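Asker: Below are the sequence and a predicted model for it; my questions follow.
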Amino acid sequence: MSVTFAESRLSAHAIPTASNFTFCSSHRKLHTTGIAENLHLPIFEHNTTQRFTKSLRSAFQRAHANGISNPIVVGAIPFDLTQPCSLFIPVESHFGTTPIVNQFSKRDPIEIVNRRSFPEEARYKQSVKQAIANFQLSDIRKAVLSRVLELDLNTQLPANTLFHSLQHQNPTGYHFSVPLEDGGQLVGVSPELLIRKEAEWITSNPLAGSTRRLRNADDDTAAALALQSSHKDLYEHRLVIEEINRVLQPFCSELDIPAAPSLLNTETMWHLSTLIRGRLSNANISALDIASALHPTPAVCGYPTPLAHKLINLVESFDRGLFAGMVGWQDSDGNGEWAVTIRCGIVRGNQVSLFAGAGIVEDSCPESEWAETQAKLQTMLKALPIQANAEAAQ
Ligand SMILES: C=C(O[C@H]1C=CC=C(C(=O)O)[C@@H]1O)C(=O)O
C-alpha cells in the first residue's frame, strides 16, 4: 500500500480539531486533515450495499482526479447499518508507526453539574431480566444491552484534551477521534478489532466475557483466572467466535481460530479475547466488505443476530447511533483497519455522552451486568479532568 509517510510532521499535525481525524493502533498511527468529500449515506439500503460501494468508488475516483494521490476513507459507521455513516475522504493523510501523543497537558479541573443515565439503574436491570425471560421463550441466546451516561459540564471540554488524556492513560488499544457533522467529536479507546486487512491477510480480535480490574495485584490475577474458567463468560464468548467463524469461512482459503480464548486487559477491564487470522481467497475484497458482513457481531448485538437486534430495539431506551458501530479507515485498494466503537463518548461543547454495554446470556445476573457497564465507563470517566475521582462521577 502506498501512503504519505510524514512521521516528522506528525506532532505538528497531532491535535484533533474541527475536521481532523485520528486513529492510532499498534499497527498504524493515522492523522488526517481537511475534508475533500463527505460520505453520509448508509452502508445498507434495501438490503444491499450497492449504492454505498458505488459512491465510495466514485468518491475515490474524484479524489484522484482532484490530485489526492493515495486517497483513503476515514470515520465512523453506526451500529445500525441502515443509518447514515460519518465517513469522509480527507485532503491529507499522514501515516506513521510512532505514537501520535504527548500533546497531553493537564488543564483546570472541570465540574460535572448534571448527570443522567439512560436507562437508569433500575430500568437497566429490569431490561436484563426481560432479556433473560425472552431467552426462555425464544431462540435468542445472547443480547448486548447498553446505556448512555450524559454529563453536563460547567465549561466546554475540548475533545483533544479528552483524546490526549485517553492516550496518556491507555497505552494500548485503538484510539480514535472523529469529527462529526453536527460539530461534535467522537472520542474513545476501543480494545476490540473488528477487522484489519493487508493484501490477502485479515485479522480480527473479538472480545466477549469481561470482569473489572482490581487494585491489589493478587486479587487482579485471581479475577482474570476466574474469568478464564467462568462457564457463563466462556459461553458468551463462544457464541461470538462461532458466528465470526461462520461469516469469515466463505471469504477465506485459510482461517486460524484458536480453540480457547486468551486474556486481554485494558487499564480497567479483563476480557476474553480470540485473535483470528485468515487468508482471503479473493484479495480484492475490501476491509469494509468484510466488516459489513461481520457487523454487528454477537459481541455488540447478540445471537442470533437478527432476533437479538429486534430485542435490543425493543428494550433499549436510546438510539445507539455511532456507539457499537465501527471506526477506522481504508484505502482505495480496500486495505485498512476498523475497530469496534466501544469505550467511547461524544463531546459537544459542555456536554459529553459516554456509552457502555454488556453481553447478557441465560446465566447473567442483573446486578453484575449493571456493575460491568459501570466498570467499562471508567475508561472514559477517568480521562475527564474532573475534580472528584471518576468512580464518584457515576
Ligand atoms: C459493548 C461493550 O463491550 C463488548 C465488548 C467486549 C466485551 C463485552 C462483554 O463482555 O459483554 C461486550 O460484548 C462495551 O464495552 O460497551
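Answerer: Happy to help now that I have it.

Asker: Spell out which parts of the stretch 101-250 of the chain neighbour the ligand.
Answerer: 144, 146, 192, 207-210 (C-beta under 6 Å from any ligand atom). The C-beta positions use only the backbone N, C-alpha and C, and glycine is treated the same way.

Asker: Identify the residues contacting the residue of the stretch 151-300 of the chain found nearest the ligand.
Answerer: Among the residues of the stretch 151-300 of the chain, residue 210 lies nearest to the ligand; the distance is 3.4 Å by C-beta to the nearest ligand atom. Going by C-beta atoms under 8 Å, 6 or more residues apart in numbering, residue 210 touches 227, 233, 269-272, 358, 372, 375-376.

Asker: Tell me which of those fall in helices.
Answerer: 227, 233, 372, 375-376 (DSSP state H).

Asker: Kindly reformat these as JSON lines and extend each row with neighbour count and distance to residue 175.
Answerer: Converted to JSON lines, the ones in helices among the contacts of residue 210 look like this (neighbours: other C-beta atoms under 10 Å; distance: C-beta to C-beta, whole Å):
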{"residue": "227", "neighbour count": "21", "distance to residue 175": "25"}
{"residue": "233", "neighbour count": "23", "distance to residue 175": "26"}
{"residue": "372", "neighbour count": "19", "distance to residue 175": "22"}
{"residue": "375", "neighbour count": "20", "distance to residue 175": "20"}
{"residue": "376", "neighbour count": "25", "distance to residue 175": "16"}
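
Asker: May I see those residues arranged in CSV, with pLDDT as well?
Answerer: Listed next are those as CSV, based on pLDDT from 0 to 100:
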residue, pLDDT
227, 98
233, 98
372, 98
375, 98
376, 98
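
Asker: The worst-scoring helix or strand of the chain on mean pLDDT packs against which elements?
Answerer: Every helix and strand of the chain was ranked by mean pLDDT, DSSP states H and E. The lowest is helix 159-169, at a mean of 93. Helix 159-169 sits against strand 174-179, strand 185-190, strand 344-348, helix 366-383, with contacts defined as 3 or more C-beta pairs under 8 Å, 6 or more residues apart in numbering; DSSP states H and E.

Asker: Quick one: list the elements packing against the last one.
Answerer: If I follow you right, that is helix 366-383. Applying 3+ C-beta pairs under 8 Å, 6+ apart, we find helix 366-383 packed against helix 121-137, strand 142-153, helix 159-169, strand 207-212, strand 269-273, strand 351-360.

Asker: most packed of those?
Answerer: Sort the helices and strands packed on helix 366-383 by mean neighbour count, taking mean count of other C-beta atoms under 10 Å, and strand 351-360 sits at the top with a mean of 25.

Asker: helices or strands up against it?
Answerer: Counting by 3+ C-beta pairs under 8 Å, 6+ apart, strand 351-360 packs on helix 121-137, strand 142-153, strand 207-212, strand 344-348, helix 366-383.

Asker: pLDDT wise, what is residue 27 at?
Answerer: Looking at residue 27, its pLDDT is 88.

Asker: Export the helices and strands packed on strand 351-360 as TSV, with columns for distance to residue 48.
Answerer: TSV is the format used below for those (distance: least, C-beta to C-beta, whole Å):
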stretch	distance to residue 48
helix 121-137	30
strand 142-153	26
strand 207-212	29
strand 344-348	29
helix 366-383	34
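
Asker: who wins for proximity to residue 324 among these?
Answerer: Nearest to residue 324, of all those, is strand 142-153, at 6.6 Å by C-beta to C-beta.

Asker: any idea which residue sits dead centre in this protein?
Answerer: Centrality entry for the chain: nearest residue to the mean C-alpha point is residue 341, 1.7 Å, by C-alpha atoms, centre = their mean.

Asker: The closest residue to residue 28 other than its chain neighbours is in what secondary structure piece?
Answerer: Excluding the flanking residues, the one nearest residue 28 by C-beta to C-beta, 6 or more residues apart in numbering is residue 95, at 5.7 Å. Per DSSP states H and E, residue 95 falls inside strand 86-96.

Asker: Could you report the separation of residue 109 from residue 115?
Answerer: Using C-beta to C-beta, to the nearest Å, residue 109 is found at 16 Å from residue 115.

Asker: residue ranges for the strands of the stretch 1-150 of the chain, please.
Answerer: Here the stretch 1-150 of the chain has its strands, by DSSP state E, counting those that start in this stretch, at 21-24, 29-39, 72-77, 86-96, 112-118, 142-153.
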